[in-house]
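Everything below, folded, please.
(chains A and B)
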Amino acid sequence: MKKEQLDIKEIFLKDERYRTSYYFSLEKLKLSLQKTGLLHPPLIALRDGHLTLVSGWKRVLACAELSFSPIPVLITEEMDDLKTFIMAFYENLATREFSLLEKAEILTRLKRFGEDEKRIIRHDMPLLDIPATLHYLDTYLAFSRFEPEVKKAIHEKNMSFLSVKPLVEFSPRERKQLLPLLLALGQNKRKELLEDILEVSRKNDIPAQKILLSPEFQAIQESETLTPLQKADSIRLLLKKKRYPALSSMQDSFKSLLKKVDWPKEIDINPSPFFEEEDFTVRFTFKSEEQLKAGLLKLEELSARKDFAKIFKLK
Amino acid sequence: MLKSRFVPRKIFIDEECRNMPLTKRILKNLSQVPTETVSNPQRFLEERRISRDAVQQGKKDLFITSQKGEFIKPCPCTPQYIGCNYFIINLDLNCPLDCTYCILQHYLYDPLLIVHANREDLWKQLDAFINKNKGRALRIGTGELGDSLVLDHITENSKDLISYFRGKGPVLFELKTKTVNIQNILETEPASNIVISWSLNSPRIARSEEKNAPPVEERIDAARRVADKGFFVGFHFDPLIRYPGCEVEYESLIARLLNRISPGKIAWISLGSLRFPPSLKPIIQERFPRTKIIYEEMVKGLDGKLRYFRPSRLDLYKRIIRCLKENGGEKVPLYLCMESDTIWREALGWVPRGKESLESYLSSSLGNSKV
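Numbering: from 1, shown residues only, chains lettered A, B, ... in the order given. Down below sits the predicted model:
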């Protein structure tokens, strides 16, 4: 390994074979470089006659933006891509956390450079805090094949593994169509929405794209009055009705019954989760004997109503 | 369907089991199959776990090892639902049949067919267990973590187990299968506390979701031969799987079953609807991408498992129970597997209370609890 001063323009940035980080902001790093200069030289390797960057992408790009040149670099004589990449991997492993997509890129590079699959699973994945199974490896490799705009959204929204995983099942075109909805929702709702689309599609043998382009979905997506979040939520609820028709119908009956009997807002009433049991739970708060009596009296009045008794025969 | 009786691709033998009598018997029954001695079982199993579709690979090779822990365990059932006080013997683990819905894909960690060869420990543990529960009509079986008969031509388990349990009434011993591997049973004298039972499903589900298992008609035929031999038989309609028209197909199956098997020879029939932990779903999706059974309307039950929405499964149970009764099965003991008080009451009109109420009810068809 030699340390040299190198004109930054001599670094061949078009060769991204070792690059695993994208979509980052350079502002803080630039501030730091202006204060202290480049303290840790990037790692360079000679490949196909070019000085190829192995590690230190952020540093080099920030230096380039600041017109720092020449810069100190370390040049490795290692010619094997896998061994070279492992140097970069370990250098970063010791100093920072990797994002979901960086992990995906690292695993992709290890596989591309010929690392044994079993060694990746047993040795490298635990270092990245990924469960050591083939299934996880395959999923991360699939993430790295996502389209750039999808990757950018995943990175910007800091999407979790579980909420991104269902995206693997969609075509590139479908993923693009889904992006506005995914950006509007939180992790759990995003996962739920993707799973519901997939399951409605699989159950009915309808391509996901056809569901997304159906008039009812289009009407919501093209609405000029709804916010992105309202659109995503409306589509989520529409999908719920398609995926769980009997449950949705019972939930609707329950709600309309409460409306019919003018159920008071200050008394909570809930069925057993998913109506799995026949039980209902009623809850209200009080801070005096009068309030307690008023609540109980209201419940007595409601329970005496004939139309309320339908609650026990919901279908 | 398995074209003939299952033959493993290779037999791996834990070094410490090499000289056990069961190992010798297996090697005699599979003299053509290559073998390999394993000196470090833990490392061997770790290697096996890293494989594309480890579950599928695990259905091909046999590993003879010893059971380090308890052979007999209470059936775990599921929290918040009614259990049937069943006890399981963890004798052989895993199964060469490949049912879409099989919980073993998720439950078993080691991707191999495992036979525990330390049978002397089993008999000692069984003696102690039965002594401890003297007088109870315990129900014990081997078909929870693997099919009871699919390896029977290799292990001859049925002969040993029936011989052990014969005369041990009121304890009831059950072998549960989807296969027609009944040669050893037919060569064994029946006993009144032994039940050979079959898991049945509609022919459509058997064809599409019970890969490698024989057609339902062949299972019923095998049950009839076993009943004709003098054994009590049982049937498990579990998991009942919903699809358009399923009710009619289940009803037709029940009519054919009760036409061929005398209800007096049926020890019990159980019903259970499809249920599984959410974590099994991605495994099914990956291993059986064409199946649709996981996309029916299923919701989280009280135990966190996915199961059909209550009114849907209640309707299905009611129709099947009515059909069983209309076809001469009104005296056959029926029970529900992993169901709630509500479903028991609505479907069967009663709810078992306490450990022994279900035990004595289920032993009633075998001539009361003192079989």
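
contacting residues for whichever residue of the stretch 101-250 of chain A sits closest to chain B?
Using CB to the nearest CB, the point where the stretch 101-250 of chain A gets nearest to chain B is A:Lys203, with a distance of 3.6 Å. From N, CA and C alone the C-beta is placed, and that goes for glycine too. With contact set as CB atoms under 8 Å, 6 or more residues apart in numbering or on different chains, A:Lys203 has these partners: A:243, B:292, B:295-296.

Give the next helix or strand downstream of the helix or strand where it lies.
Per DSSP states H and E: A:Lys203 is located in helix A:187-204. Read in the C-terminal direction, the helix or strand following helix A:187-204 is helix A:208-212, with elements assigned using DSSP H and E.

Count the neighbours of the nearest residue to B:Lys211 once chain neighbours are set aside for me.
In space, not counting the residues next to it along the chain, B:Lys211 is nearest to B:Asp98; the distance is 4.1 Å by CB to CB, 6 or more residues apart in numbering or on different chains. The tally of other residues near B:Asp98 (other CB atoms under 10 Å in any protein chain shown) stands at 18.

my guess is B:Asp98 contacts B:Glu209, does it?
No - between B:Asp98 and B:Glu209 no contact is recorded; they are 9.6 Å apart, counting by CB atoms under 8 Å.

can you confirm B:Trp268 is in a helix?
No - note on B:Trp268: no helix contains this position according to DSSP: H, G, I helix; E, B strand; the rest coil, which reports strand.

returning to that earlier point: and the two most separated of the contacts of A:Lys203?
Taking CB to CB as the measure, the contacts of A:Lys203 reach their widest spread between A:Arg243 and B:Lys292, a distance of 13.2 Å.

So which of the two has more stuff around it?
Per other CB under 10 Å, whichever of A:Arg243 and B:Lys292 has more neighbours is A:Arg243, with 20 against 17.

Give me the next element, helix or strand, following the helix or strand hosting B:Asn131.
If you go by DSSP H and E, B:Asn131 is part of helix B:119-132. Following the chain from helix B:119-132 toward its C-terminal end, the next helix or strand by DSSP H and E is strand B:139-141.

could you say what helices and strands that next one packs with?
Strand B:139-141 sits against strand B:86-89, strand B:172-177, with contacts defined as 3 or more CB pairs under 8 Å, 6 or more residues apart in numbering or on different chains; DSSP states H and E.

How about the contacts made by B:Lys281?
Applying CB under 8 Å, 6+ apart, we find B:Lys281 in contact with B:294, B:306.

wait, is it part of a helix?
Yes - the assignment for B:Lys281 (three-state DSSP) places it in a helix.

Could you check the pLDDT of B:Gly367?
Reading off the confidence values, B:Gly367 has pLDDT 61.

again, but for A:Ala94
What the model reports for A:Ala94 is a pLDDT of 85.

neighbours around it, how many?
Quick note: A:Ala94 (other CB under 10 Å) scores 7 neighbours.

how about the residues of chain B that lie near chain A?
Listed as neighbours of chain A in chain B under the rule CB under 8 Å from any CB of the partner chain: B:50-52, B:54, B:282, B:286, B:292, B:295-297, B:299-302, B:309-312, B:340, B:342.

among these, which are in helices?
With helices taken from DSSP state H, the overlap with those comprises B:54, B:282, B:286, B:310-312, B:342.

which stretches of the stretch 51-200 of chain B form strands?
B:61-65, B:72-74, B:86-89, B:92-93, B:98-99, B:113-116, B:139-141, B:172-177, B:194-199 (DSSP state E, counting those that start in this stretch).

Now mean pLDDT too, for the ones you listed, in JSON lines please.
Formatted as JSON lines, these follow (pLDDT from 0 to 100):
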{"stretch": "strand B:61-65", "mean pLDDT": "96"}
{"stretch": "strand B:72-74", "mean pLDDT": "92"}
{"stretch": "strand B:86-89", "mean pLDDT": "93"}
{"stretch": "strand B:92-93", "mean pLDDT": "92"}
{"stretch": "strand B:98-99", "mean pLDDT": "96"}
{"stretch": "strand B:113-116", "mean pLDDT": "96"}
{"stretch": "strand B:139-141", "mean pLDDT": "94"}
{"stretch": "strand B:172-177", "mean pLDDT": "97"}
{"stretch": "strand B:194-199", "mean pLDDT": "98"}
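
which of the ones in helices among the residues of chain B next to chain A are buried?
If you count burial by 16 or more other CB atoms under 10 Å in any protein chain shown, the buried members of those come out as B:54, B:310, B:312, B:342.

Do I have it right that the last one meets B:Pro311?
I take that to be B:Thr342. No - using CB under 8 Å, B:Thr342 and B:Pro311 do not qualify as a contacting pair, with a distance of 10.8 Å.

Break chain A down into its domains, please.
Each domain of chain A is listed here as a residue range: A:1-96, A:169-243, A:247-313, per automatic domain parsing.

Please tabulate these in JSON lines, including the columns distance to B:Val33.
As requested, the domains of chain A are arranged in JSON lines below (distance: least, CB to CB, whole Å):
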{"stretch": "domain A:1-96", "distance to B:Val33": "39"}
{"stretch": "domain A:169-243", "distance to B:Val33": "39"}
{"stretch": "domain A:247-313", "distance to B:Val33": "48"}
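
so which of those domains gets nearest B:Tyr243?
Ranking these by their distance to B:Tyr243 (criterion: CB to CB) puts domain A:169-243 first, at 10.6 Å.

and the closest one, average pLDDT?
Per-residue pLDDT values across domain A:169-243 average out to 94.

cool, and stretch B:344-364?
If you average the per-residue pLDDT over stretch B:344-364, you get 84.

contacting residues around it?
Judged by CB under 8 Å, 6+ apart, the contacts made with stretch B:344-364 from elsewhere in the structure are B:82, B:84-85, B:136-139, B:170, B:172, B:267-268, B:314, B:317-318, B:321, B:333-336, B:339, B:341, B:369, B:371.

Apply 7 Å and report the result again.
Under the criterion CB atoms under 7 Å, 6 or more residues apart in numbering or on different chains, residues B:82, B:84-85, B:136-139, B:170, B:172, B:268, B:314, B:317-318, B:321, B:333-336, B:341, B:369, B:371 lie in contact with stretch B:344-364.

which of these are buried?
Neighbour-count burial (16+ other CB under 10 Å) is assigned, among the contacts of stretch B:344-364, to B:82, B:84-85, B:136-139, B:170, B:172, B:268, B:314, B:317, B:321, B:333-336, B:369, B:371.

re the thing from before, mind putting the ones in helices among the residues of chain B next to chain A in a markdown table, distance to A:Ala62 included?
Formatted as a markdown table, those follow (distance: CB to CB, whole Å):
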| residue | distance to A:Ala62 |
| --- | --- |
| B:Ala54 | 45 |
| B:Pro282 | 41 |
| B:Glu286 | 42 |
| B:Arg310 | 60 |
| B:Pro311 | 62 |
| B:Ser312 | 60 |
| B:Thr342 | 65 |
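
Around chain B, which positions in the stretch 1-150 of chain A sit nearby?
Listed as neighbours of chain B in the stretch 1-150 of chain A under the rule CB under 7 Å from any CB of the partner chain: A:118, A:121-122, A:134.

Give me the subset of those residues lying in helices.
When helices are assigned by DSSP H, the members of these inside them are A:118, A:134.

Tabulate the residues of the stretch 1-150 of chain A next to chain B (CSV), appending distance to B:Pro277, pLDDT and neighbour count.
As requested, these are arranged in CSV below (distance: CB to CB, whole Å; pLDDT from 0 to 100; neighbours: other CB atoms under 10 Å in any protein chain shown):
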residue, distance to B:Pro277, pLDDT, neighbour count
A:Lys118, 28, 91, 13
A:Ile121, 24, 94, 21
A:Arg122, 26, 91, 15
A:Leu134, 21, 88, 18
